[in-house]
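A.B. asks: 3D model of this:
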Amino acid sequence: MSPNVAKWLAISLSIYLYIVHQSNLFHCRIEMGVAVPPSRPFLKSFKSGLKETFFPDDPFRQFKNQPPSRKILLGLQYFVPIFEWAPRYTFEFFKADLISGITIASLAVPQGISYANLANLPPIIGLYSSFVPPLIYAMLGTSRDLAVGTVAVASLLIASMIGKAVNPKENAELYFQLAITATFFAGVFQAALGLLRLGFIVELLSHATIVGFMGGAATVVCLQQLKGILGLVRFTHATDLVSVMRSVFTQTHQWRWETGVLGCCFISFLLLTRYFSKKKPEFFWVNAMAPLTSVILGSILVYLTHAEKHGVEVIGHLKKGLNPLTMSDLAFGSPYLMTTIKTGVITGIVALAEGIAVGRSFAMFKNYQTDGNKEMIALGMMNMVGSCTSCYVTTGPFSRSAVNSNAGCKTAVSNIVMAMAVMMTLLFLTPLFHYTPLVVLSSIIIVAMLGLIDYKAAMHLWKLDKFDFVVCMSAYLGVVFANVEIGLIIAVSISLLRVLLFVARPRTFVLGNIPNSAIYRSIHQYPVANNVPGVLILQIDAPIYFASASYLRERISRWIYEEEDRLKLSGETSLQYVILDMSCVGSIDTSGISMLEEVKKIVDRRGLKLVLANPRSEVMKKLDMSKFIENIGQEWIYLTVQEAVARCNFMLHTCKSNPEVEHNSKDNNV
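C.D. replies: Numbering: from 1, shown residues only. So this is what the prediction gives:
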């Protein structure tokens, strides 16, 4: 036998074996076709979807196959978590909680007075708000580390939103009534979100939004404290940068050097203690005790020097006694009811976002679980009860919770200890705060707010995701140059716009074969991936809905045109098949099915064949009910991209060697 004959026999044998292999794959594919899932009754399907939306954690699983008495106990433990962990509470836990509770109480007292002053409320209201709400949270909350109290952002929101309707100095009683009414609505909104399991609404506040919003609010709060630092009597109620700067520099003749010097000294002292505690974490208590130390030092200094007679404003008289009931003061019939509702909803959302984020952060760090819906109920209930006991909006501030965690707290009993310490202060120690200078409170607020301006997080966003950085800076600039509400609205709107863009403009990729494997990946991500001759493989990377259907039709058409132009220029095998990898398409609506039908018509008009790979269960069900499977042919739907490519290669080689098969294939396409 001549060498040429042997060579051609070897080539013919190789081609024959390849065709047999592809044929075996094809027949194997027919035996293992893409299954259409069995249809389910509408009510059963609706119930399943509802459960996945609102009860992803399946909270009722613990009640299954339990006697009635056990179900009652489990229900009580579910809604009042303290009954679940209290039986396991030990004396060792109490010692740790006692130390951490006393530590955060030393921070809660000056912060409570400071933030009440920021909210244009009497300073005693800040102490009231650090007594009742922590007791409620200790019973209903699921976080071990969250330390409950007033926060600067909620205080600023109340001052800016209610202050526009009622002047807190001219009508202090009505202002207070509106503040506690807004607190009641904040609690109702928070508890309703938890009971209806609608916590995903809070997720509209993305991480970038929160970073920018909190940074902007902290900047605004710091600017507002220039009133106390400079000893100004009259000051703008606006929160934007321009108004504050105008108010400061048009009153230069009113600046008092006494308060300026005191403010700078206390700010320096507080910053030094924070720096020292960061360098020496075992001395965390130094930073925790610094605010109370500042209050004591400032009070002693004013008392000894009679500085209140020289223009240094002091807190003045604080009445003794526990929280008076204020149920009758809730202003449901006020002409400003819509203002209080809006204030309550906005402060409720912000307080929820901060409290849940802080609780989750420490839970992840200490490796335990918190229940988001229970947290919403707990925060809501403590604000509802708080509004009836002379309290305004409270949540879990990061600074106080960090001190609580560093002090070694074990359970929410640390909140109870803190509340008891505040109670003792209300009963016996309030006269000691008479000489506390307001400039010290301003210094405490400024230093606390500086920690919320997280420029490192903003820089990280810039490196990681430019769009998130835009969202962050939009929130920041909106708060600083407009007001808190506008900044929040801008940030949420941009975040929602991004979600809509993701839905309306899903990504599509051209896939290629990784050499020496059956794996197909994006040729953009993996340049080594090879195009399959005569076959265009496209992956759709998102569900197909009405918002994206038109875009996907145009984008797939463009991919086809570009591929045909590329093949013409390179002289490669002409395009014959278009494979759509639908493994990432979790669902599809009627507009999406119409889009696939239009794509098939476009492909048919160009003499090509449309092939589907790995359509998911819900997609396959819709394709079957819409008769699209009959339209495209069951034999052109495959389990994997590899099987689809094998079938296309088989047809390409068969058609080349058998023109009659090619003719029949074209007839089928028509």
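A.B. asks: Now residue 38: which helix or strand?
C.D. replies: Residue 38 belongs to no helix or strand when elements are defined using DSSP states H and E.
A.B. asks: Against residue 624, how distant is it?
C.D. replies: 11 Å (Cβ to Cβ, to the nearest Å). Glycine gets a C-beta too; all of them are placed from N, C-alpha and C.
A.B. asks: which of these two has more neighbours?
C.D. replies: residue 624 (16 against 6; other Cβ atoms under 10 Å).
A.B. asks: any weak-confidence spans in the chain?
C.D. replies: The chain contains residues with pLDDT under 70 at 1-33, 37, 39-42, 45-46, 48-58, 200, 202-204, 655-670.
A.B. asks: so what are the domain limits for it?
C.D. replies: 94-232+254-499, 505-667 (automatic domain parsing).
A.B. asks: what distance separates stretch 418-430 from the centre of its chain?
C.D. replies: 36 Å (Cα atoms, centre = their mean, to the nearest Å).
A.B. asks: Show residues contacting it.
C.D. replies: Here stretch 418-430 makes contact (Cβ atoms under 8 Å, 6 or more residues apart in numbering) with 101-102, 104-105, 108-109, 112, 124, 127-128, 130-132, 134-135, 138, 147, 318-323.
A.B. asks: Out of the domains of the chain, which one sits most buried?
C.D. replies: domain 94-232+254-499 (a mean of 21; mean count of other Cβ atoms under 10 Å).
A.B. asks: So the residue lying closest to residue 608 once chain neighbours are set aside, which state does it fall into?
C.D. replies: Closest residue in space to residue 608, ignoring its immediate chain neighbours: residue 578 at 5.6 Å, by Cβ to Cβ, 6 or more residues apart in numbering. Following DSSP: H, G, I helix; E, B strand; the rest coil, residue 578 is assigned to strand.
A.B. asks: Now do the contacts for residue 578.
C.D. replies: 535-536, 538, 556, 560, 603, 608-611.
A.B. asks: Over to residue 114?
C.D. replies: 126, 441-442, 444-445.
A.B. asks: Just want the phi and psi numbers for the closest residue to residue 151 other than its chain neighbours.
C.D. replies: Once flanking residues are discounted, residue 151 sits nearest to residue 397: 4.6 Å by Cβ to Cβ, 6+ apart. Torsion angles at residue 397 (phi, psi; degrees, to the nearest 10) stand at phi -70, psi 150.
A.B. asks: Verify the stated contact: residue 397 with residue 153.
C.D. replies: No. When contacts are counted by Cβ atoms under 8 Å, residue 397 is not listed as touching residue 153 (9.2 Å).
A.B. asks: who touches both of the two?
C.D. replies: residue 354.
A.B. asks: So residue 539 lies in a strand, does it not?
C.D. replies: Yes. Counting by three-state DSSP, residue 539 is part of a strand.
A.B. asks: From the contact counts, what lies against the stretch of helix or strand residue 175 belongs to?
C.D. replies: Using DSSP H and E, residue 175 maps to helix 172-195. Applying 3 or more Cβ pairs under 8 Å, 6 or more residues apart in numbering; DSSP states H and E, one finds that helix 172-195 contacts helix 152-165, helix 337-366, helix 372-387.
A.B. asks: Kindly format the C-alpha coordinates of stretch 413-429 as CSV.
C.D. replies: Written as CSV, here are the backbone C-alpha positions of stretch 413-429 (Å, rounded to 0.1, in the frame of the first residue of the first chain):
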residue,chain,number,x,y,z
VAL,A,413,-28.5,42.5,80.0
SER,A,414,-25.8,45.2,79.5
ASN,A,415,-28.7,47.4,78.2
ILE,A,416,-30.6,46.7,81.4
VAL,A,417,-27.6,47.7,83.5
MET,A,418,-27.1,50.9,81.5
ALA,A,419,-30.8,51.7,82.0
MET,A,420,-30.5,51.2,85.7
ALA,A,421,-27.5,53.5,85.9
VAL,A,422,-29.4,56.2,83.9
MET,A,423,-32.4,55.7,86.3
MET,A,424,-30.1,56.4,89.3
THR,A,425,-28.9,59.5,87.5
LEU,A,426,-32.5,60.7,86.9
LEU,A,427,-33.4,60.0,90.5
PHE,A,428,-30.4,61.5,92.3
LEU,A,429,-27.7,63.0,90.1
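A.B. asks: Quick one: classify residue 138 as helix, strand or coil.
C.D. replies: Residue 138 - assigned by three-state DSSP - is helix.
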